[in-house]
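A.B. asks: Fold the following.
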Amino acid sequence: MFLRKKYLDAIILFVFLFAIFININIQAETDHIVREDQYGNLRLENDYIAIVVNQDQNSQGRFAVETTGGAPLKDEDENMPLIYGRPQPWPSYTTIRIDGENYVFGGSTERRAGRDGIYGEVITPPRVVDNEKIITRTDFEGIIVEQVLSFEKGVTTGLEDSVRIEYNIENNRSTEHNVGIRIMLDTMLGENDGAPFRVREEIIDTDTTITTADLPQYWQAFDSIASPTVISQGTFEKPELTLPDEVYFSDWGSLADGVWDFNFNPGQEFWRAGEYEIDSAMAMYWNPQTLAPGEEVSYATEYGLGGVEVVPGLISLADSSPAEAVFDRPEYTFPIIIYIENDSDIVLQDVTLDLSLPDSFYAEDLSRQLGDFEPGEVNQVVWDVGAAISIDELPGEMEFNVVADAANTDPNELSRAVNIIGPPEIQSHIESEALQADHGIIEPNPFRLNLELYNTGGSTFENMSLNVDLPPGIQISGKDRTSKYVGELRPEEQVDVSWRLEVIAGLFGENIPISINLKGHDDYTQYEIYEIDIPEISPTVYFEQKRAPESSSSYQVIDIMARNIENVEEIDLNLSYDPDNMKAIRVLPGSIFVQGRGLVLWDEVNLYTPGSMRIIQTLPQMENLSTYAVLASIIFRVEKEEEISLNWRESIFIDDSGDELKVNLLDLN
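C.D. replies: Below is the predicted model of the structure:
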């Protein structure tokens, strides 16, 4: 009875803790708190971290990152800085390099960090959009830079405990410019301002640079494996991120003083320049590239909490592998990162580390010989894991096992599952307004071409851009652009993109192709073809009724309008009307007969036969008659306006070759 009660209590406790855990995860995805703190900072918070943005004129737009609740079930990392910025963010800043000049994003400052940069105008002060992101915009004389800070799921935790740091740059100037960007972060782990960076199998605690080819998916920083206070993590590579060209790890003072170039001394410890404290920081560089007028480019990286699963023992093991791996291309690999620490008081001899993988995956050197470990010594081992089969056939989860052993102690073991995510898959649908010929013109014109894109795949499509390729005879209308930048399209998200197009003279037919080129990360290219029917427009002559002034409502002016008659030289117009309701008073020459400041000779028009009219004229040579022209204006006295009607009789149009031209004649009823 007593044992059964103990088991029952244990089950109840488990269910209670499980419910708390589920509740934590649900709230983490949905609950974002927006508030202004006592220092005037704008804060966007969730259960794990907070984005803090300076709203003062001094350093406006600069940001910091802090923990709120930190990692679940861990109390030591609550309310700790990850990017320093107390009481107001200022030590971290972003440089925009334009044609060799160094501009600093946001408001100007008298503080040390970025003081020597050139500043623009903050045109959008920090504001929260959709309760999900904080946006700030700065104008550098026509180069518009938008900073977007939002929550992201961490690579190793799968929780919303990272911040996406994104910059969108648009060239609104009339000439092309070379534009690059540097993001400098003053990293901090709680009270530790000089923690080393752990990059793959290296521990970086001196000035170091890494180029794109050698960048890991992510790096971490912490003070201890067995009981870390705070674990931070920066992510370089994900489908929705932009790999930097270079990354520098250095001291904060040097990076604060050098707005782009700075005092970099490989191998020198992170002593803050001009002071005597260890103070680590990092800077990510995206080299300048040419932006044409109207062109946009985006850069994004992530920083936040890191996830480490610890199995304590005399040989302590910790795993910081990603929570999910996105196999969006066959050659993709993801890292399994294992930290190993000697927590005993003796030297561990002949330490080995062995990795076991399912048959669907592979890695090189599954067994590692690490040699002897002194007490307290820490090492880290990385395996790059790839797909041994087609990525379309991979299972939804992969479980691996790691065993650490030594000649003079018992082994320790760690197991972990990684979610396997497939590539993005883009479905598209294109449609446009139906075009019709109406009174000698195409309607509507301009018209809209609409493209719907939907991501049915398992991962985000990043850096999406679209370009429409138009056949001769169709052009972009007004200030619209052939190229459109979409950015990212997440799984199960849809985006609608449209172009305003215009048919110009001479193009008609069925199934005329319009091509749309979709591009994205990793040189992805996809073409969509849309076929549109454009009706043929013919020479057309029709009546257009003018609204008479109220003071002369018994009189009506009716114009004889012509479209697409550029080759016509002579006209013989015959028309009829109801003489009981309408009486022709006068016929005036239309605008086609106006030459300079005078009229071309206008022949007499016979108005003496009630109910009919004949106009015989030779037309002057004019250009641009493919649009429209007024042939004549007829003034009628009308008894009943609602019963006005004009009808064509047999009329003749002679072109410049002396041939009769077929013209579409439209009555007025």
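
A.B. asks: Is the residue nearest in space to the middle of the chain within a helix or a strand, and which one?
C.D. replies: In the chain, the centroid-proximal residue (CA atoms, centre = their mean) is Gly487; its distance is 2.1 Å. Gly487 is part of strand 483-489 when elements are defined by DSSP states H and E.

A.B. asks: Could you list the residues in contact with that strand?
C.D. replies: Contacts to strand 483-489, defined as CB atoms under 8 Å, 6 or more residues apart in numbering, come from residues 168, 240, 294-298, 424, 426, 453, 455, 460-467, 495, 497, 499. Where C-beta positions appear, they are placed from N, C-alpha and C, glycine not excepted.

A.B. asks: Which residues does whatever helix or strand comes next after that strand contact?
C.D. replies: As assigned by DSSP H and E, the chain's next helix or strand after strand 483-489 is strand 494-503. With contacts defined as CB under 8 Å, 6+ apart, strand 494-503 is touched by 432, 435, 442, 445-455, 464, 466, 468, 470, 473-478, 480, 482, 484, 486, 489, 514, 534.

A.B. asks: Separate out the buried members of those residues.
C.D. replies: 432, 435, 442, 445-447, 449, 451, 453-455, 464, 466, 468, 470, 474, 480, 482, 484, 486, 489, 514, 534 (16 or more other CB atoms under 10 Å).

A.B. asks: In strands only, show me these.
C.D. replies: Among the buried ones among the contacts of strand 494-503, DSSP state E puts 432, 442, 447, 449, 451, 453-455, 464, 466, 468, 474, 484, 486, 489, 514, 534 in strands.

A.B. asks: Now that Ala407 has come up, it's in contact with Gln349, right?
C.D. replies: Yes. Using CB atoms under 8 Å, Ala407 is in contact with Gln349, at 4.4 Å.

A.B. asks: follow-up on the earlier one: what pairs with the residue nearest to the centre of the chain across the strands?
C.D. replies: Met464 (DSSP bridges).

A.B. asks: Could you do Phe373 as well?
C.D. replies: Beta-bridge partners of Phe373, counted by DSSP bridges, are Leu348.

A.B. asks: again, but for the one 5 residues further on
C.D. replies: Beta bridges link Val378 to Glu341, judged by DSSP bridges.

A.B. asks: how many neighbours does it have?
C.D. replies: Other residues lying near Val378 total 17 when counted by other CB atoms under 10 Å.

A.B. asks: Next, work out how far apart it and Ile225 are.
C.D. replies: Distance of Val378 to Ile225, computed by CB to CB, to the nearest Å: 6 Å.

A.B. asks: list the residues that contact both of those two?
C.D. replies: Here Val378 and Ile225 have 339, 341 as joint contacts, going by CB under 8 Å, 6+ apart.

A.B. asks: Ala325: how many residues sit nearby?
C.D. replies: 25.

A.B. asks: next one: phi and psi at Glu641?
C.D. replies: phi -60, psi -40 (degrees, to the nearest 10).

A.B. asks: Asp245 contacts Ile210, correct?
C.D. replies: No. Between Asp245 and Ile210 there is no contact under CB under 8 Å: 10.4 Å.

A.B. asks: Between those two, which has more neighbouring residues?
C.D. replies: Comparing Asp245 with Ile210 by other CB under 10 Å, the one with more neighbours is Ile210, at 20 against 15.

A.B. asks: quick one, what contacts that one?
C.D. replies: 199, 246-247, 249.

A.B. asks: same deal with Glu377?
C.D. replies: 341-342.

A.B. asks: Angles on the backbone of it, please.
C.D. replies: Per-residue torsions, Glu377: phi -70, psi 140 (degrees, to the nearest 10).

A.B. asks: Lowest-scoring secondary structure element of this protein by mean pLDDT?
C.D. replies: helix 2-30 (a mean of 36; mean pLDDT, DSSP states H and E).

A.B. asks: Mind giving me the ChimeraX select for the contacts of Ile210, buried ones only?
C.D. replies: Selection of buried members from the contacts of Ile210 for ChimeraX, criterion 16+ other CB under 10 Å:
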select :199,247,249
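
A.B. asks: From the contacts of Ile210, pick the one nearest Tyr332.
C.D. replies: Checking the contacts of Ile210 against Tyr332 with CB to CB, the nearest one is Val199 at 19.8 Å.

A.B. asks: Distance of the closest one relative to Thr242?
C.D. replies: In terms of CB to CB, Val199 sits 19 Å off from Thr242.

A.B. asks: Would you state the helices of the stretch 151-300 of the chain in chain order?
C.D. replies: Per DSSP state H, counting those that start in this stretch, the stretch 151-300 of the chain carries helices over the ranges 252-257.

A.B. asks: Quick one: the strands in it, in order.
C.D. replies: 162-171, 177-185, 197-199, 202-204, 208-211, 218-221, 232-235, 246-251, 280-291, 296-305 (DSSP state E, counting those that start in this stretch).

A.B. asks: out of the ones you listed, which comes closest to Gly61?
C.D. replies: strand 162-171 (11.2 Å).

A.B. asks: what angle sits between that closest one and strand 280-291?
C.D. replies: 30 degrees (axes from the mean of the first three to the mean of the last three CA atoms, to 10 degrees).

A.B. asks: Which elements pack onto strand 162-171?
C.D. replies: Packing partners of strand 162-171 (3 or more CB pairs under 8 Å, 6 or more residues apart in numbering; DSSP states H and E): strand 49-53, strand 143-152, strand 177-185, strand 280-291, strand 296-305.

A.B. asks: and it, C-alpha only, in PDB?
C.D. replies: Taking C-alpha atoms only, strand 162-171 is exported to PDB below (Å, rounded to 0.1, in the frame of the first residue of the first chain):
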ATOM      1  CA  SER A 162      17.600  34.000 -29.900                       C
ATOM      2  CA  VAL A 163      17.400  37.400 -31.500                       C
ATOM      3  CA  ARG A 164      17.400  37.800 -35.300                       C
ATOM      4  CA  ILE A 165      19.400  40.900 -36.100                       C
ATOM      5  CA  GLU A 166      18.500  42.100 -39.600                       C
ATOM      6  CA  TYR A 167      19.400  45.100 -41.800                       C
ATOM      7  CA  ASN A 168      17.600  45.900 -45.000                       C
ATOM      8  CA  ILE A 169      19.400  48.400 -47.200                       C
ATOM      9  CA  GLU A 170      17.800  50.200 -50.100                       C
ATOM     10  CA  ASN A 171      19.500  52.600 -52.600                       C
END
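
A.B. asks: Partner strands of it and their direction?
C.D. replies: Neighbouring strands of strand 162-171 in its sheet, by DSSP bridges, are strand 143-152 (antiparallel), strand 296-305 (antiparallel).

A.B. asks: Comparing those, which comes out most buried?
C.D. replies: Comparing the strands paired with strand 162-171 by mean neighbour count (mean count of other CB atoms under 10 Å), strand 296-305 ranks first with a mean of 23.

A.B. asks: From the chain's centroid, how far away is that strand?
C.D. replies: Its chain's C-alpha centre and that of strand 296-305 lie 11 Å apart, by CA atoms, centre = their mean, to the nearest Å.

A.B. asks: how far out from the middle of the chain is the helix or strand following that strand?
C.D. replies: Downstream of strand 296-305, the next assigned helix or strand under DSSP H and E is strand 309-311. Centroid displacement of strand 309-311 relative to its chain, using CA atoms, centre = their mean, is 37 Å.

A.B. asks: for stretch 97-109, same thing?
C.D. replies: 23 Å.

A.B. asks: for the stretch 201-350 of the chain, what are the low-confidence residue spans?
C.D. replies: Along the stretch 201-350 of the chain, the parts satisfying pLDDT under 70 run over 223-224, 226.
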